[in-house]
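Q: Got a predicted structure plus its sequence, pasted below:
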Amino acid sequence: MKTVYLANEIIHSFLPIDERKVQNNWNAVRSSFTHKIIVLDDDPTGVQTVHGISVYTDWDEDTIEQGFREEGQMFFILTNSRAFTSKETEQVHRDIAQRVENISAKLGKPYLIISRGDSTLRGHYPLETEVLRSTIEENSGSKVDGEVILPFFKEGGRLTVDNTHFVQQGDVLVPAGNTEFAKDRTFGYSKSHLGEWIEEKTKGTYRKEDVTYISLTTLRSLDYEEIVRQLLQVNNFGKVVVNAIEEADVRIFTTALLHAILKGKRFIFRTAAAFTKVVGDISSRPLLSREELISEGNDNGGLIIVGSHVQKTTDQLNELKTLSSLHFIEFDAHLVLNKEAFKAEVERVRLEAERKVGAGITTVIFTKRERLDLGVGMEEQELKLSVEISDAVTSIVRNFSVRPNYLIAKGGITSSDVGTKGLCVKRATVAGQIAPGIPVWKTGEESTFPHIPYVIFPGNVGAITTLRDVVVTLESK
C-alpha cells in the first residue's frame, strides 16, 4: 500500500455516487427511526456539522431528562473528557450511561448513544466506550452487539480508505499514524490501519482479523443487503470499521445501519462529527455571516483565546499576527510552577485585555507556544498542570469586566473550558459554522455574556489562513 495518496486521486478512483438514489433509500428508512440520539462530546468541536441543536454542559439526571423531553431528536452533552484523567473519565461515563438508561426506561424511549471523538484518533479510547457498554448492559439486561468506528470528517480532511485513516495535508493524504497527532503525549498511537489501531489501543483484546470492515466498494455499489448482513453478524461488542471519503458514504452506511437496528441489533459509536450530522438527519446550511452573529450597538472589541499547541494552531496564530488592527498578549503558562508569579501573570493579562477590548480593539490572548515538559513518565502530572493553566485562562474570561463583541477560543480543551468555566454556559444552541469545521454557539441566558457568539475553533482544523479569515469576517463592518 502506498504511504501517501493524492486526495483528488483517491476521490476519483471509486465509483461515483448516485446522490438521488442514496437520498431516496435514506428517506425510506429514516422516518421509522425514532430513537433519541445522545452525543457525548469529548470536547466542544463535535457540533461542527450541526445547527439548531442543544448542547448541555452538565450531565445531571434532570439535564439528561430535559434533553430526552426536547422536541428535537438529538442533543449533545459536552463532557470535555479529553481533559480528564482516566479515572475521572471512567466515572463520568458510568454516571451518564446509568442515568441515560434509567431515563430511557422511565420515559419508554429507546436511544442511540454516540461517543464523539477526535477525527485524528486522540482521546480516551477504548475506555469511554467500554465503560458505556458495561454500564448499559448492567442496567438494561441486554447486550450491546458491536461498536462502530467512523472517524471520517471531510471538512477537516480526515478520510478512511482501504481501512486506513488519513489526514489531508495540502493535496496529500498522510496516514494518521505518521502525523503530529499520533505523537500526542497523552493519547499517542502508531497505527494508521484502523484494525491495527484497534488492536493497538485495546492491547490485543480485539484483533484486526476479527474486525468487520465496510469497504468503499460495497458502499459505492449501494449493496445495502451486504452491509446489513455484515452488521447482523456482529456480536460480543465486535468492532465495525467504516471507510468513507464523502458524506454520501456515511449516509449509505447509516441507511443499512438503521435497517440492522430496526431488526434488533444494538451498537455504540465512536465517530467524528460527520456521522452525527447524518444519523441526526441535520440539513446543510450556508456558512454564518457577520450580520447573523454580531449585534449592532456594541463598540467593544472581540476577545480571542489561543490555547492549542499543535503546529497548525501556531501557524494560524502567526498568520493572525499579520492583522495590525489586533492587540496580542502572550500568557506565560510556564509560571504555573510558581504559584504567586502565576497569579500575578493572570491578573496582568486580564487587566491589559480589558483595557484594549473596552477601547474597541480586538485582543488575542495566547499561551506560550512551548509545551510544558516535565519529562518521561510524567504525563498525568502534566495533564493536571494543564488543567490549572486552563482554569487560569477561563478565570480571565469569567472575571472579564467588559462584554466582548464576540469570543473565539482556539483548541478543543481550551474552548470547552472557556465555554463551561469562563462563559459559564449550561445550555447553548449551535448556530452553525462560520468556516468549514468551525462551529458557533449562541450562549444561554445564564452565561457570563448572554447571547454572545462563541466561536469554537478546533486546534487541528483549517488552513494556515483560516483563523485570520474568521476574524476578518467578524471584524468587517
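A: Yes, it's here. Residues are numbered from 1 along each chain as shown.
Q: Residue 160 - that's part of a helix, no?
A: No. Using DSSP: H, G, I helix; E, B strand; the rest coil, the assignment for residue 160 is strand, not a helix.
Q: I figured it hits residue 167, correct?
A: No. Look at residue 160 against residue 167 with CB atoms under 8 Å: they stay out of range, at 10.8 Å. Any C-beta I mention is one placed from the backbone N, CA and C, and that applies to glycine too.
Q: can you point me to the longest strand in the protein?
A: Using DSSP state E to define each element, the chain has its longest strand at strand 427-435.
Q: could you pull out the helices for the stretch 151-300 of the chain?
A: 194-201, 216-220, 224-232, 247-262, 273-279, 290-293 (DSSP state H, counting those that start in this stretch).
Q: The longest one versus helix 224-232: what angle between them?
A: Helix 247-262 and helix 224-232 meet at an angle of 60 degrees, taking axes from the mean of the first three to the mean of the last three CA atoms, to 10 degrees as the criterion.
Q: and the next element down the chain from the helix or strand of the chain at the bottom of the mean pLDDT ranking?
A: When each helix and strand of the chain is scored by mean pLDDT, DSSP states H and E, strand 5-6 comes last, with a mean of 66. Next along the chain after strand 5-6, taking DSSP states H and E as the criterion, comes helix 7-11.
Q: contacting residues around the following helix or strand past that next one?
A: For helix 7-11, the following helix or strand on the C-terminal side (DSSP H and E) is helix 19-30. Contacting residues not belonging to helix 19-30 are listed as 222, 224, 248, 251, 252, 254, 255, 258, 259, 262, 281 [CB atoms under 8 Å, 6 or more residues apart in numbering].
Q: Show the contacting residues for the fourth one.
A: In this structure, residue 251 makes contact with 22, 23, 26, 278, judged by CB under 8 Å, 6+ apart.
Q: Between those, identify the one with the most neighbours.
A: Using other CB atoms under 10 Å as the neighbour test, the contacts of residue 251 are led by residue 278, with 25 neighbours.
Q: Can you verify my assumption that it contacts residue 250?
A: Yes. Counting by CB under 8 Å, residue 250 is a contact partner of residue 278 at 4.7 Å.
Q: Can you check which helix is longest in the chain?
A: helix 86-107 (DSSP state H).
Q: if we can go back for a sec, give me the buried entries from the contacts of helix 19-30.
A: Neighbour-count burial (16 or more other CB atoms under 10 Å) applied to the contacts of helix 19-30 gives 222, 224, 248, 251, 252, 254, 255, 258, 259, 281.
Q: remind me which residues of the stretch 351-477 of the chain are low pLDDT?
A: 372, 374-380, 382 (pLDDT under 70).
Q: And the strands in it?
A: Ranges of strands in the stretch 351-477 of the chain, per DSSP state E, counting those that start in this stretch, are 363-367, 407-410, 427-435, 438-442, 453-457.
Q: List the buried residues of the fourth one.
A: Neighbour-count burial for strand 438-442, counted by 16+ other CB under 10 Å, picks out 438, 439, 440, 441, 442.
Q: hmm, who's touching it?
A: 44-45, 47-48, 50, 55, 288, 293, 419, 425, 428-434, 451-458, 461-462, 466, 470.
Q: tell me the mean pLDDT over the longest helix of the chain?
A: For helix 86-107, mean pLDDT is 97.
Q: by contact count, what packs against the following helix or strand past it?
A: Under the assignment DSSP H and E, the closest C-terminal helix or strand after helix 86-107 is strand 111-116. Packing contacts for strand 111-116, counted by 3 or more CB pairs under 8 Å, 6 or more residues apart in numbering; DSSP states H and E, involve strand 36-41, helix 86-107, helix 127-140, strand 267-271, helix 273-279.
Q: quick one, which of these is packed in tightest?
A: Comparing the helices and strands packed on strand 111-116 by mean neighbour count (mean count of other CB atoms under 10 Å), helix 273-279 comes out on top with a mean of 25.
Q: what's that one packed up against?
A: Short answer (3+ CB pairs under 8 Å, 6+ apart): helix 273-279 packs on strand 36-41, strand 111-116, strand 146-150, helix 247-262.
Q: Residue 144: what's it in contact with?
A: Counting by CB under 8 Å, 6+ apart, the residues that residue 144 touches are 133, 136, 137, 237, 266, 267, 268.
Q: And the second one, what's its pLDDT?
A: It refers to residue 136. In this prediction residue 136 is given a pLDDT of 98.
Q: That one: what's its closest spatial neighbour, skipping adjacent residues?
A: residue 97 (5.3 Å; CB to CB, 6 or more residues apart in numbering).
Q: Isn't that neighbour up against residue 137?
A: No. Judged on CB under 8 Å, residue 97 makes no contact with residue 137 at a distance of 9.5 Å.
Q: Just give the closest residue to residue 466, not the sequence neighbours.
A: residue 435 (5.6 Å).
Q: who are the neighbours in contact with that neighbour?
A: 287, 462, 466, 469, 470.
Q: coming back round to it: distance to residue 152 for the helices of the stretch 151-300 of the chain - can I get that in CSV?
A: Shown next, in CSV, are these (distance: least, CB to CB, whole Å):
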stretch, distance to residue 152
helix 194-201, 11
helix 216-220, 11
helix 224-232, 15
helix 247-262, 6
helix 273-279, 5
helix 290-293, 28
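Q: quick one: which of the ones you listed is nearest residue 119?
A: helix 273-279 (7.2 Å; CB to CB).
Q: mind saving the C-alpha coords of that closest one as CSV?
A: The C-alpha atoms that make up helix 273-279 are tabulated as CSV, following Å, rounded to 0.1, in the frame of the first residue of the first chain:
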residue,chain,number,x,y,z
ALA,A,273,-18.6,14.8,13.6
ALA,A,274,-19.8,13.6,10.1
PHE,A,275,-21.8,10.7,11.5
THR,A,276,-23.7,12.8,14.0
LYS,A,277,-25.0,15.1,11.2
VAL,A,278,-26.1,12.1,9.0
VAL,A,279,-27.7,10.0,11.7
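Q: what residues does that helix touch?
A: 37, 39, 45-50, 74, 112, 114, 116, 119, 148, 150, 152-155, 244, 247, 250-251, 254, 257, 269, 282, 437.
Q: same thing but at 6 Å, please
A: By CB atoms under 6 Å, 6 or more residues apart in numbering, the list of residues contacting helix 273-279 from outside reads 39, 46, 48, 49, 50, 150, 152, 153, 247, 250, 251, 254.
Q: Distance of the fifth one relative to residue 354?
A: Spatial separation of residue 50 from residue 354 under the definition CB to CB, to the nearest Å is 34 Å.
Q: So between the two, which is more surrounded?
A: More neighbours surround residue 50 than the other of residue 50 and residue 354, with 22 against 19 (other CB under 10 Å).
Q: how close does residue 390 get to residue 256?
A: In terms of CB to CB, residue 390 sits 41 Å off from residue 256.
Q: got it, and residue 39?
A: In terms of CB to CB, residue 39 sits 21 Å off from residue 256.
Q: Looks like residue 83 contacts residue 411 (just checking).
A: No. Assessed by CB atoms under 6 Å, residue 83 is found out of contact with residue 411, at 10.5 Å.
Q: The two: who's more crowded?
A: residue 411 (25 against 20).
Q: which ones are touching the more buried one?
A: Contacts of residue 411 (CB under 6 Å, 6+ apart): 307, 308, 459.
Q: helix, strand or coil for the closest residue to the last one other than its chain neighbours?
A: Translated: residue 459. Sequence neighbours aside, residue 308 is the residue nearest to residue 459 in space, at 2.9 Å (criterion: CB to CB, 6+ apart). Residue 308 carries the three-state label coil when classified by three-state DSSP.
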